[in-house]
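**Q** Make a model of this:
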Amino acid sequence: MKPKLLARSGWLLLVGVMWFSPLTAQESLTREAYDAQQAQAALQEQIDTADQQTRDALEELRSLERETRHLEQQNAQTAARLAEQAQKQQQRETALATLDQTRQALPRFEQQIATQLKQWIEQDLPFLQEERLARAASLQTVGDAASLSSAERFELLLEAWRAELEYGREMDAWRGRLEDDEGQVREVDYLRVGRVGLYYLSPNGRQGGVWRSQEQTWQALNGSERNQVREGLRLARDQRAPTLLTLPVSQPLTQSSSTQSSLTQSEADL
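**A** Numbers count the residues shown, from 1 in each chain. This is a model prediction of the structure:
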């Protein structure tokens, strides 16, 4: 009886081993799958971390590149300013080095300007000559005025030149005295169109003339030309609207023999 019992017990043991073995294998597979998932999750986390670090590094690199370009631009601008300042400094040093020479040459230069102005007035149309020549003569003594600084003397010279230049931009009319070739003096109305034409007309309108610069004399005008001078006088005195004037000119405009030109008030502004 005992051997059978043992045999039966052994069978039962074998059966128990066979009964529990499949459960243990399944648990092992589940554990391996879980471990694999955990490893995969950890690996993905490492990949995500590395990817974020890469993006951060790229953004930092772009930021550094932008700062580098900005610094390069600032350096270029600074270099240009420094070069300009160095050039100005060099000019100042040169000016200071030649200051004594400039001060010595300035009175002579001022005298030359005053002389040139006087010569220009003498060769120009003979209008307001006494006033203009007196101004030019006063400039010739400016260099000797110890009470004036160099800048003040030079400003007076410039003002005189500007006054002369303004005469070429305006149309003017006035009444003054005219001495003819026989020495007789009479009152006439003068008309000046810039530096292009200078005319006179007697009060009764029967006599008139145009100044010829090349001949340095007055040339008589015919009836239609005197009418044009009369219109010009009214125009210069703002007694009528601007209109076209056809008159002989005082200064030759070209080297040709043409002496006729159409004059308007706008031409006086040249």
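**Q** give the contact list for the one residue sitting closest to the centre of the chain.
**A** The structure's the chain has its C-alpha centroid closest to residue 84; by C-alpha atoms, centre = their mean the separation is 18.3 Å. Not one residue lies near residue 84 by C-beta atoms under 8 Å, 6 or more residues apart in numbering. All C-beta atoms are positioned from the backbone trio N, CA, C, and that covers glycine.
**Q** tell me which element it falls in.
**A** Counting by DSSP states H and E, the element that carries residue 84 is helix 2-97.
**Q** Let me see the mean pLDDT of that helix.
**A** Mean pLDDT, computed over helix 2-97, is 74.
**Q** Tell me the first helix or strand C-terminal of that helix.
**A** Going down the chain from helix 2-97, the next helix or strand is helix 99-123, by DSSP H and E.
**Q** all helices for the stretch 151-270 of the chain, in order.
**A** All helices of the stretch 151-270 of the chain, identified by DSSP state H, counting those that start in this stretch, fall at 223-236.
**Q** so who does residue 209 touch?
**A** The contact partners of residue 209, taken as C-beta under 8 Å, 6+ apart, are 199, 200, 218, 219, 220, 221.
**Q** List buried members of those residues by neighbour count.
**A** 199, 200, 218, 221 (16 or more other C-beta atoms under 10 Å).
**Q** Give me the distance between residue 65 and residue 54.
**A** Shown here: residue 65 relative to residue 54, a distance of 16 Å by C-beta to C-beta, to the nearest Å.
**Q** nope, residue 81 is what I was after
**A** Residue 81 sits at a distance of 41 Å from residue 54 (criterion: C-beta to C-beta).
**Q** before we move on, what about residue 134?
**A** In this view, residue 134 and residue 54 are 89 Å apart by C-beta to C-beta.
**Q** Repeat that for residue 182.
**A** Residue 182 is 109 Å from residue 54, by C-beta to C-beta.
**Q** neighbour-wise, which of those two wins?
**A** Per other C-beta atoms under 10 Å, whichever of residue 182 and residue 54 has more neighbours is residue 54, with 10 against 5.
**Q** Count residues in the vicinity of residue 91, would you?
**A** Applying other C-beta under 10 Å, we find 10 residues neighbouring residue 91.
**Q** doesn't residue 117 make contact with residue 160?
**A** Yes: using C-beta atoms under 8 Å, residue 160 is in contact with residue 117, at 6.1 Å.
**Q** any common contacting residues for the two?
**A** Taking C-beta under 8 Å, 6+ apart as the contact rule, the neighbours common to residue 160 and residue 117 are 136, 139.
**Q** wait, what's in contact with residue 73?
**A** With C-beta under 8 Å, 6+ apart, residue 73 has no contacts at all.
**Q** again but with residue 200, I slipped
**A** Counted by C-beta under 8 Å, 6+ apart, residue 200 has contacts 178, 188, 189, 190, 191, 208, 209, 218, 229.
**Q** Dig out what it forms beta bridges with.
**A** Beta-bridge partners recorded for residue 200 (DSSP bridges): residue 190, residue 209.
**Q** all strands for the stretch 151-270 of the chain, in order.
**A** Per DSSP state E, counting those that start in this stretch, the stretch 151-270 of the chain carries strands over the ranges 171-179, 185-193, 197-201, 208-212, 217-220, 245-248, 260-263.
**Q** Throw these into TSV and include distance to residue 127, thanks.
**A** Shown next, in TSV, are those (distance: least, C-beta to C-beta, whole Å):
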stretch	distance to residue 127
strand 171-179	8
strand 185-193	5
strand 197-201	6
strand 208-212	9
strand 217-220	13
strand 245-248	16
strand 260-263	16
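**Q** Let me know which of the ones you listed is tucked in deepest.
**A** Using mean count of other C-beta atoms under 10 Å, the stretch among the strands of the stretch 151-270 of the chain with the greatest mean number of neighbours is strand 197-201 (a mean of 25).
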